[in-house]
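> can you look at this prediction? I've put the sequence above it.
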Amino acid sequence: MKFSSKQTQFAYSSVFIILCLGFAAISFSDDKVQQILAKANLFNLRFPQERVYLHLDRPSYWAGDDVWFKAYVKNSPINECNL
């Protein structure tokens, strides 16, 4: 039996709504939420998100062109540059 696209879309939507309602019914205690937040904060302190910025001298290049750039790393636990 072949389903139309509207029937398939309705089926996927129904499954999605049922799953959302099921996950919404699961409740966490305040103690569990505080534990999860503490672990997330500890992870962020141990492994901070680094940001890498690359400044180029032109917006585009051709084959054989020289590329001049500067690279910056922000929020790194290691502030050394060994090139």
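Arrived safely, thanks for sending. Treat the numbers as computed from the prediction; the structure is a model and nothing was measured.

> after the lowest-mean-pLDDT helix or strand in the chain, which helix or strand is next?
Within the chain, judged by mean pLDDT, DSSP states H and E, the helix or strand with the poorest mean is helix 5-25; its value is a mean of 72. Per DSSP states H and E, the first helix or strand lying C-terminal to helix 5-25 is helix 30-46.

> give the buried residues for that following helix.
The neighbour-count check on helix 30-46 (16 or more other CB atoms under 10 Å) flags nothing as buried. (C-beta placed from N, C-alpha, C; glycine too.)

> now it: mean pLDDT?
Averaging pLDDT along helix 30-46 yields 83.

> distance between that helix and the chain's centre?
Centre-to-centre, helix 30-46 and its host chain are 18 Å apart (CA atoms, centre = their mean, to the nearest Å).

> isn't Val67 right up against Leu54?
No - look at Val67 against Leu54 with CB atoms under 8 Å: they stay out of range, at 10.2 Å.

> SS state for the most centrally placed residue in the chain?
Central residue check for the chain by CA atoms, centre = their mean: the C-alpha nearest the mean position is that of Gln49, 10.9 Å away. Taken by DSSP: H, G, I helix; E, B strand; the rest coil, the conformation at Gln49 corresponds to coil.

> again with the one 10 residues further on
What three-state DSSP gives for Pro59 is coil.

> what does the one 5 residues further on give?
Of the three states, Gly64 takes coil under three-state DSSP.

> dihedrals phi and psi, it?
Main-chain dihedrals, Gly64, degrees, to the nearest 10: phi 90, psi -10.
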